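Trainee: coordinates for the following, if possible.
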Amino acid sequence: MSIAYLNGSFLPLEEARISPLDRGFLFGDGIYEVIPYYGGKPVGLAPHMQRMADGLAAIEIKCNKSIEDWRVLLDDLIAKNADQGANLGVYIHVSRGADTKRYHAYPENVEPTIFAFAFPIKDPEPVDRTKAHGYAVSSTQDLRWKRCNIKSTALLGNVMHYQQGHASGHGEILLYNENNELTEASSSNAFIVKDGKVITPIQDHQNLPGITRRIIIDSLKADGSIPVEERTVTMDEVRNADEIWITSSSKEIAPVIELDGKPVGNGEIGQVWENAFRIYTERKFDF
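Mentor: Residues are numbered from 1 along each chain as shown. So this is what the prediction gives:
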């Protein structure tokens, strides 16, 4: 049985209830995070919770939990869901809370709704390019709002883009802006590899400050064996890349072997991916 957390209480997930006047339900007025736990150990807990705090501050939701408060709560939640498996993801959702009416302006004196639940996640991919799963993806112009750096629960734009890729039989969809520049994917950040260098779009309002993205960049820079660069990336560069990766907390570093029906590089998972994934795997619990 999956045990959830809701506003101070642990209870079976199917018994969790919120008001239909909760602004998270009415407006998508909230912030969320997803954190992977492998064998009970979180990946990037502190930066995940800092990103949540930054998002809450950006939309002016007051939540008084510290990183240590979250650590204790989530450790307890993981322990209560140990029967679901060794590897779990935790979804955390903080909305502005329930008002007495539907009204666009932020209400005063409303307590935020805090909800979390755990769910099984797959084992990490093997650090072996001959055994790992390669993704086929498509691409389209990014039609979402201009505050994609905020991890809002209002995900309709992302959902519609993801569905566009899903409907065409693809596991993700890469997005580009009106200047034909890569932004990210519908539920992931994106990297390319060219001539041994790892390249990813700069962090701005067009993309999410991904925690896995940050861990990859910091790990590669600390290791020093693979050059990494943050800069504008054109779709022409993407289409001529030796390798493409999509990255997220659930996917970690996922290699892309096909884009819009054409092979990426030689159509096989690349050696740079394997080397980078090994470095990431060795360091991911340090963040």
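Trainee: who touches stretch 56-74?
Mentor: Stretch 56-74 has contacts (Cβ atoms under 8 Å, 6 or more residues apart in numbering) with 5, 29-31, 35, 37, 42, 45-46, 49-50, 53, 90, 92, 94-96, 106, 112, 114, 116, 147, 150, 152. C-beta: built from backbone N, CA, C; applies to glycine.
Trainee: go again with 6 Å.
Mentor: With contact meaning Cβ atoms under 6 Å, 6 or more residues apart in numbering, stretch 56-74 is reached by 31, 46, 49, 90, 94, 96, 112, 150.
Trainee: tell me which of those fall in helices.
Mentor: 46, 49 (DSSP state H).
Trainee: now the two most distant members of the contacts of stretch 56-74.
Mentor: Using Cβ to Cβ, the pair of the contacts of stretch 56-74 lying farthest apart is Ala46 and Arg96, separated by 24.3 Å.
Trainee: neighbour-wise, which of those two wins?
Mentor: Ranked by neighbour count (other Cβ atoms under 10 Å), Ala46 and Arg96 place Arg96 first, with 25 against 14.
Trainee: OK, contacts around that one?
Mentor: Counting by Cβ under 6 Å, 6+ apart, Arg96 has contacts 23, 29, 61.
Trainee: could those residues be laid out in a markdown table, adding distance to Ile173 and neighbour count?
Mentor: Formatted as a markdown table, the contacts of Arg96 follow (distance: Cβ to Cβ, whole Å; neighbours: other Cβ atoms under 10 Å):
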| residue | distance to Ile173 | neighbour count |
| --- | --- | --- |
| Arg23 | 29 | 25 |
| Asp29 | 26 | 22 |
| Ile61 | 30 | 20 |
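Trainee: sort out for me which of the residues you listed are in strands.
Mentor: Among those, no member falls in strands (DSSP state E).
Trainee: just curious, which of those is nearest to Leu220?
Mentor: Comparing the contacts of Arg96 against Leu220 with Cβ to Cβ picks out Ile61 as the nearest, at 34.0 Å.
Trainee: check what pLDDT the closest one gets.
Mentor: On the pLDDT scale, Ile61 is placed at 98.
Trainee: how much space separates the spatially most central residue of the chain from Met1?
Mentor: With distances taken as Cα atoms, centre = their mean, the chain has Ser248 as the residue nearest its mean C-alpha position (4.3 Å). Distance, Ser248 to Met1, using Cβ to Cβ, to the nearest Å: 27 Å.
Trainee: for Gly196, same thing?
Mentor: As judged by Cβ to Cβ, Gly196 and Met1 stand 49 Å apart.
Trainee: so which residues of the stretch 1-150 of the chain form strands?
Mentor: Counting by DSSP state E, counting those that start in this stretch, the stretch 1-150 of the chain has strands at residues 3-6, 9-12, 30-38, 41-42, 87-95, 113-120, 135-141.
Trainee: could you do the stretch 151-287 of the chain as well?
Mentor: Counting by DSSP E, counting those that start in this stretch, the strands of the stretch 151-287 of the chain are 172-176, 182-185, 189-194, 197-200, 228-230, 243-248, 252-259, 262-263.
Trainee: the third one packs against which elements?
Mentor: In other words, strand 189-194. For strand 189-194, the packing partners by 3 or more Cβ pairs under 6 Å, 6 or more residues apart in numbering; DSSP states H and E come out as strand 197-200, strand 243-248.
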